[in-house]
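Asks: coordinates for the following, if possible.
(2 chains)
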Number of protein chains: 2
Amino acid sequence: MSLEKNVDFSIQKAEKSKIGSIDFENVKFGSVFTDHMLVCHYKDGAWGQVEIKPYGPMSFEPSMNVFHYGQAIFEGMKAYKDENDKVWLFRPRENWKRFNKSAERLAMPHIDETRFVDGLKALLQLDQDWVRKGEGNSLYIRPFMIGTHEGVVAGPSTEFMFCIILSPARTYYSGKVKVQIAEHYSRAANGGVGSTKCSGNYAGQFYPTKLAQEAGYQQVIWTDDTTHTKLEEAGTMNVFFRIGDTLITAPTSERILDGVTRKSLIAIAESKGIKVEVKSIVVQELLDAHAKGELKEIFGAGTAVTVGQIEGFAYQDKYYALPEVADADAYAIQLKTALQGIQQKRIEDTFDWTETI
Amino acid sequence: MSLEKNVDFSIQKAEKSKIGSIDFENVKFGSVFTDHMLVCHYKDGAWGQVEIKPYGPMSFEPSMNVFHYGQAIFEGMKAYKDENDKVWLFRPRENWKRFNKSAERLAMPHIDETRFVDGLKALLQLDQDWVRKGEGNSLYIRPFMIGTHEGVVAGPSTEFMFCIILSPARTYYSGKVKVQIAEHYSRAANGGVGSTKCSGNYAGQFYPTKLAQEAGYQQVIWTDDTTHTKLEEAGTMNVFFRIGDTLITAPTSERILDGVTRKSLIAIAESKGIKVEVKSIVVQELLDAHAKGELKEIFGAGTAVTVGQIEGFAYQDKYYALPEVADADAYAIQLKTALQGIQQKRIEDTFDWTETI
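Replies: Residues are numbered from 1 along each chain as shown, chains lettered A, B, ... in the order given. Below is the predicted model of the structure:
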């Protein structure tokens, strides 16, 4: 991954900000975008100028690669504003590195750190009024890349667009969810693209998730596609299990996303003296632990909700409720509070994870 | 699947045809599009008017679903013109049915036969000068659907666009290809989307295919992701093996596309008295048959090339050449000739597969 210097930037400011029309208290996640976006095109083997310009629709050919052959990857990140109006990013270079890993597997070009991280910072400087202070406020950041070559030939695109769009977000407490362990459907193959943030991984999940929802569960716990016994992800998040006082999560693999929230939670847990085991965990272990009263918590980990608590799971048409754990005793709450405290600069960042713009 | 009657059609003709500027003899597959396209939008739970209008770029929001969560499916079909200037389609309702199967698995809405088949025919009537007579000429048809809802929430789109674009094609003889049997990478998971024509299936293949090409092979023979021993597809095509005088192809499954060319070739082979076995075939059977001199042919089957002959395969770093088979004796050539003859109305269509516009 090359770090290109002397990247050409152009900035075209919006004539008028939309910010006055936004109800920040009631904004729906991912539905409102800021005044500007970053756009950069790849052609003839090289990335061009980084353009920061007013957010708005773009013109595309109906034969464009991404509509047919799906070369599309993205990242999810957040920016926070501290009490001194300084804007902070959380481990942005981890997202940049993972973006390039996704790019590699999807036969798309790497993008340099300057265009991704410095480009993002330049964009955030322009739209920093959109990052709101106070608990629960953040600005969701969506870098993405799509294949833009025109023509319906089933092969990798030779032209790409890298883009960053920004959306104000409130941390929502979605409540605890009930999940269903996947016994037939899968999100990832061995030797497939499951560890990447490519668009196809998401499209393939919607139908099984809809079936789970029709059966009364909000999310699916994904299992390995060969045996449907290994517990791998929850919805679009990594998943953690607390058995006794040990926290367990599956190791990253070709089938499992190397989540930034996941690895941050592991580090925080270890720093608090919580025993963490990164190992494959199978359904029978979960059922045994539940039967013995040792299964205390299950939670998902991802950028959008940080930590999402699970109140019970269904397996082979039987529902297993998890015990009530007081917030003060719940790993989910302890880890979420610590992580959000670091992200929002309310707790000292001893990990050196935060970075100002 | 409902067959909607009284579908509203609108036709806006291009002011000037581009057809005079096209070099039909040297057109590159999938790179040139006709004067018109069909567009239909799905919103509030229903498909709207079918618009046939000049082919050209469209305006889309950067937050649109398909760029992030990959809801995108397509079909590939061809139209041919006979000696009496009549335009023919090959089994279009099979493509329509499969399109709806893909839609179901990708949590996208079904589209009615009227909008898909009658819409296509109306579009072809307008652009029928683009279907050229004579052997090797056809018009490639690309129906597709994408999620168009704006906003970056990881869930199924509530708005969609169905579109048909047309591209003049020459049947190309690409020569026989060398293939590599996949030992690590995969295109499909059990319980995944492998049997659909969704965009993500293609994006995931490009990188392993690139690695195979760097090693000197043009395509990958995909195997099951659990054992990497079952031979399932070749490149973006179904795959056939001739051992002795028996033709073998894998049964369709969640991992394998129910190819229209595949099932047409099976029917033609059986009608010619060729013994066809639809069964799972593993690498060891292939190696054993090769060692005994019984492995005579391997070929791929798909709409773009009809039948694509394979001259040899690599497995575990060893290359296995197939014997030279005279064209007159090759199943690949016999079946290709018969299928193309029916499609192009040079041979009587005793199967009732062709349908005029």
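Asks: going forward, measure contacts and count neighbours with C-alpha atoms only.
Replies: Fine.
Asks: point out where chain A drops to low pLDDT.
Replies: A:1-5, A:172-173 (pLDDT under 70).
Asks: what domains does the record give for it?
Replies: Domain assignment for chain A, taken from automatic domain parsing, gives A:9-170, A:177-343.
Asks: nearest to residue B:80, out of the ones you listed?
Replies: Checking the domains of chain A against residue B:80 by CA to CA gives domain A:9-170 as the closest, at 18.8 Å.
Asks: show me what counts as buried in stretch A:235-248.
Replies: A:235, A:236, A:237, A:238, A:239, A:240, A:241, A:242, A:243, A:247, A:248 (16 or more other CA atoms under 10 Å in any protein chain shown).
Asks: wait, the fifth one touches residue A:300, no?
Replies: It refers to residue A:239. Yes. Counting by CA atoms under 8 Å, residue A:239 sits close enough to residue A:300 to count as a contact (4.4 Å).
Asks: quick one: common contacting residues for those two?
Replies: Common neighbours of residue A:239 and residue A:300 (criterion: CA atoms under 8 Å, 6 or more residues apart in numbering or on different chains): residue A:233.
Asks: contacts only, for residue A:141.
Replies: A:75, A:76, A:77, A:78, A:79, A:164, A:165, A:166, A:167.
Asks: now those residues in a markdown table, with distance to chain B and neighbour count?
Replies: As requested, these are arranged in a markdown table below (distance: CA to the nearest CA, whole Å; neighbours: other CA atoms under 10 Å in any protein chain shown):
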| residue | distance to chain B | neighbour count |
| --- | --- | --- |
| A:75 | 9 | 21 |
| A:76 | 10 | 18 |
| A:77 | 12 | 20 |
| A:78 | 13 | 23 |
| A:79 | 16 | 28 |
| A:164 | 9 | 24 |
| A:165 | 8 | 23 |
| A:166 | 10 | 30 |
| A:167 | 9 | 24 |
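Asks: okay if I get those as TSV plus distance to residue A:334 and secondary structure?
Replies: Listed next are the contacts of residue A:141 as TSV, based on distance: CA to CA, whole Å; DSSP: H, G, I helix; E, B strand; the rest coil:
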residue	distance to residue A:334	secondary structure
A:75	26	coil
A:76	23	coil
A:77	21	strand
A:78	20	strand
A:79	22	strand
A:164	32	strand
A:165	31	strand
A:166	29	strand
A:167	27	strand
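Asks: which among those gets closest to residue B:39?
Replies: Nearest member of the contacts of residue A:141 to residue B:39, counting by CA to CA, is residue A:165, at 27.4 Å.
Asks: ok, what's across the strand from that closest one?
Replies: With DSSP bridges applied, residue A:165 shows beta-bridge pairing to residue A:142.
Asks: how close does it get to residue A:134?
Replies: To residue A:134, residue A:165 is 22 Å away according to CA to CA, to the nearest Å.
Asks: what segments of the stretch 51-200 of chain A are strands?
Replies: A:58-60, A:72-74, A:77-81, A:87-90, A:137-147, A:160-170, A:177-181 (DSSP state E, counting those that start in this stretch).
Asks: which one of those strands is the most hemmed in?
Replies: Burial of the strands of the stretch 51-200 of chain A is given as mean neighbour count (mean count of other CA atoms under 10 Å in any protein chain shown); strand A:72-74 ranks first at a mean of 28.
Asks: that one near chain B at all?
Replies: Yes. Judged by CA under 8 Å from any CA of the partner chain, strand A:72-74 comes into contact with chain B through A:72, A:73, A:74.
Asks: point out the other helices and strands that that strand packs with.
Replies: helix A:92-105, strand A:137-147, helix A:199-214, helix B:65-69 (3 or more CA pairs under 8 Å, 6 or more residues apart in numbering or on different chains; DSSP states H and E).
Asks: what's the spacing between that strand and its chain's center?
Replies: 12 Å (CA atoms, centre = their mean, to the nearest Å).
Asks: the residue lying closest to residue A:254 once chain neighbours are set aside: how many residues sit nearby?
Replies: Nearest residue to residue A:254 in three dimensions, chain neighbours excluded: residue A:195, at 5.0 Å (CA to CA, 6 or more residues apart in numbering or on different chains). Number of residues near residue A:195 (other CA atoms under 10 Å in any protein chain shown) recorded here: 22.
Asks: how about residue A:75, nearest residue that isn't a chain neighbour?
Replies: residue A:143 (5.4 Å).
Asks: and residue A:336, which helix or strand is it part of?
Replies: helix A:331-343 (DSSP states H and E).
Asks: between that helix and strand A:77-81, how many degrees?
Replies: On the basis of axes from the mean of the first three to the mean of the last three CA atoms, to 10 degrees, helix A:331-343 is oriented at 60 degrees to strand A:77-81.
Asks: list the buried residues of helix A:331-343.
Replies: Applying 16+ other CA under 10 Å to helix A:331-343 flags A:331, A:332, A:333, A:335, A:336, A:338, A:339, A:340, A:342, A:343 as buried.
Asks: how close does the first one sit to residue B:53?
Replies: Okay, so that is residue A:331. Distance from residue A:331 to residue B:53, by CA to CA: 58 Å.
Asks: show me what the host helix or strand of residue A:285 is in contact with.
Replies: If you go by DSSP H and E, residue A:285 is part of helix A:283-291. Residues from elsewhere that reach helix A:283-291 (CA under 8 Å, 6+ apart): A:229, A:230, A:231, A:243, A:295, A:320, A:322.
Asks: same thing with stretch A:18-34?
Replies: Contact with stretch A:18-34 is made by A:35, A:55, A:127, A:130, A:140, A:165-170, B:150-153, as judged by CA under 8 Å, 6+ apart.
Asks: and which of those residues is nearest to residue A:7?
Replies: Using CA to CA, the contacts of stretch A:18-34 come closest to residue A:7 at residue A:165, 19.7 Å.
Asks: I'd assumed residue A:36 was in contact with the closest one.
Replies: Yes. Residue A:165 is in contact with residue A:36 according to CA under 8 Å; the separation is 7.4 Å.
Asks: give the residues shared as contacts by these two.
Replies: If you check residue A:165 and residue A:36 against CA under 8 Å, 6+ apart, the residues they both contact are residue A:55.
Asks: please name the nearest non-neighbouring residue to residue A:234.
Replies: Using CA to CA, 6+ apart, the nearest residue to residue A:234 is residue A:221, at 4.3 Å.
Asks: which residues touch the one you found?
Replies: Contacts of residue A:221 (CA under 8 Å, 6+ apart): A:179, A:180, A:181, A:182, A:231, A:232, A:233, A:234, A:235.
Asks: can you get me a residue count around residue A:327?
Replies: Residue A:327: 10 neighbours (other CA under 10 Å).
Asks: make that residue A:325, sorry
Replies: Quick note: residue A:325 (other CA under 10 Å) scores 12 neighbours.
Asks: any idea how far it lies from chain B?
Replies: 29 Å (CA to the nearest CA, to the nearest Å).
Asks: once you drop chain neighbours, what's closest to that residue?
Replies: That would be residue A:296: by CA to CA, 6+ apart, it lies 7.3 Å from residue A:325.
Asks: the one you found reaches residue A:329, doesn't it?
Replies: No. Contact criterion CA under 8 Å: residue A:296 and residue A:329 do not qualify, at 10.2 Å.
Asks: looking at it, residue A:37 is touching residue A:50, isn't it?
Replies: No. If you go by CA under 8 Å, residue A:37 and residue A:50 don't touch, sitting 10.4 Å apart.
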